[in-house]
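Engineer: Predicted coordinates and the sequence they were generated for:
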Amino acid sequence: MTLLSADGLTKRFGGVLAAKDVSFALNAGEMLAIIGPNGAGKSTTFNMVGGQLKPDGGRVTLAGHDITGMPPREVCRLGVGRTFQVAQTFLSFSVLGNVQMALIAHHGQTRRLLAEASAMHREAALALLDRVGMAAQAGRPIGELAYGDVKRVELAIALAAAPRLLLMDEPTAGMAPAERASLMALVSAIAQREGIGVLFTEHDMDAVFAHADRILVLVRGEIIARGTPEEVRADPEVQRVYLGHSGTRAAARARRAAHG
Ligand SMILES: Nc1ncnc2c1ncn2[C@@H]1O[C@H](COP(=O)(O)OP(=O)(O)OP(=O)(O)O)[C@@H](O)[C@H]1O
């Protein structure tokens with residue numbers, strides 16, 4: 001089932017055409033990566049889906065509803081969650097407290113007294129932490145965690161809003177290679193099991209080629225290639241303008257891993 005569809009998205013900043021006629025569709029349970037060199041228009045495209053930017057042209061449809069140009073809060077209410085390059089958490093709170101705050105916000109209960117908050121949504125927060133493998137660390141201050149674990153908690157925070165679509169902006173930025181692989185495997189397992197669509201941007205080609213179901217390649221605001229990791233890897237234009245040597249190696253590693 002098509003969960004998200006972008007049709008002809010276009011955005012101009014002065015003389016720069018940051019996105020030109022960008023169209024794609026994403027199914028429930030699918031991981032779609034947007035890759036491309038710096039300045040290709042990845043964030044612009046992402047922000048037009050999430051509501052942070054209004055497109056100059058084109059349409060965004062979520063599960064059949066036109067969400068083009070809606071503010072981020074409204075887009076979020078309709079089921080679009082988001083994680084950021086730099087994890088956004090309350091450092092002075094515990095792991096559990098961070099997820100409880102996310103649930104309190106999702107249920108529109110932020111006016112309740114802070115004293116009550118520690119008892120609210122405790123079980124639901126623990127269940128969310130369990131989904132990302134962090135229940136055992138619920139009582140720790142978040143500031144004590146390794147960065148990879150903070151990113152897992154951030155994923156639980158995004159899941160607290162019960163999203164149908166997750167937008168992940170460079171989910172593995174700042175992480176060590178082993179942590180990256182395990183976070184991406186977790187995201188992919190959750191997406192498949194729960195039918196959540198994931199749209200992500202990523203500079204780490206290992207993460208992309210191992211975990212994306214499909215890949216869009218943007219260069220100077222335009223999609224120059226799209227397809228499965230295999231198809232994108234084999235595309236001579238992608239090799240020439242973007243992947244070069246390192247991307248080809250990453251794709252070969254991912255293929256070996258997938259085929260044992
Ligand atoms: N708010 C803005 N004002 C002016 N120009 C912008 C703005 N946002 C993006 N641009 C320009 O639009 C183009 C696309 O930028 P965008 O940030 O979408 O690329 P990107 O693919 O996400 O790059 P990176 O990989 O470096 O994050 C670039 O030329 C950028 O300079």
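Structural biologist: Ah, there it is. Residues are numbered from 1 along each chain as shown.
Engineer: Let me see the contact set for Gly221.
Structural biologist: Shown in contact with Gly221 (Cβ atoms under 8 Å, 6 or more residues apart in numbering): 16-20, 22, 40-41, 44. Heads up, the C-betas are built off the backbone N, CA and C, glycines and all.
Engineer: farthest pair in the residues you listed?
Structural biologist: Pairwise distances among the contacts of Gly221 were taken by Cβ to Cβ; the largest, 14.5 Å, belongs to Val16 and Val22.
Engineer: which one of those two has more residues nearby?
Structural biologist: Comparing Val16 with Val22 by other Cβ atoms under 10 Å, the one with more neighbours is Val22, at 25 against 13.
Engineer: so where does that one fall, helix or strand?
Structural biologist: For Val22, the host element (DSSP states H and E) is strand 16-27.
Engineer: Kindly format the C-alpha coordinates of that strand as CSV.
Structural biologist: Taking Å, rounded to 0.1, in the frame of the first residue of the first chain, the C-alpha atoms of strand 16-27 are listed here in CSV:
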residue,chain,number,x,y,z
VAL,A,16,19.2,27.9,-6.7
LEU,A,17,16.8,25.2,-7.7
ALA,A,18,17.1,23.0,-4.6
ALA,A,19,14.5,20.4,-5.7
LYS,A,20,13.2,20.0,-9.2
ASP,A,21,10.2,17.9,-10.0
VAL,A,22,11.0,15.3,-7.3
SER,A,23,8.5,12.4,-7.4
PHE,A,24,8.6,9.1,-5.4
ALA,A,25,6.3,6.8,-3.5
LEU,A,26,7.0,4.8,-0.3
ASN,A,27,5.0,1.8,0.9
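Engineer: what is the mean pLDDT for the strand or helix carrying Ala225?
Structural biologist: Using DSSP H and E, the secondary-structure element containing Ala225 is strand 222-227. Predicted confidence along strand 222-227 averages 96 (mean pLDDT).
Engineer: likewise stretch 65-85?
Structural biologist: Across stretch 65-85, the average pLDDT comes to 89.
Engineer: Stretch 23-32 now?
Structural biologist: Across stretch 23-32, the average pLDDT comes to 97.
Engineer: same deal with stretch 243-253?
Structural biologist: On average, stretch 243-253 scores 63.
Engineer: so where do the strands sit in this structure?
Structural biologist: Applying DSSP state E to the chain gives strands spanning 2-13, 16-27, 31-35, 57-62, 65-66, 80-83, 165-169, 197-201, 214-219, 222-227.
Engineer: and among these, the most buried is which?
Structural biologist: The highest mean neighbour count among these, using mean count of other Cβ atoms under 10 Å, belongs to strand 197-201: a mean of 25.
Engineer: so that strand versus strand 31-35, what angle?
Structural biologist: Between the direction of strand 197-201 and that of strand 31-35, the angle (axes from the mean of the first three to the mean of the last three Cα atoms, to 10 degrees) works out to 20 degrees.
Engineer: in this protein, which residue is closest to the centre?
Structural biologist: Among the residues of the chain, the smallest C-alpha distance to the mean C-alpha position (Cα atoms, centre = their mean) belongs to Met168, namely 1.7 Å.
Engineer: That residue contacts Val198, correct?
Structural biologist: Yes - counting by Cβ atoms under 8 Å, Val198 is a contact partner of Met168 at 6.2 Å.
Engineer: any common contacting residues for these two?
Structural biologist: Taking Cβ under 8 Å, 6+ apart as the contact rule, Met168 and Val198 both touch Val187.
Engineer: All set now, cheers.
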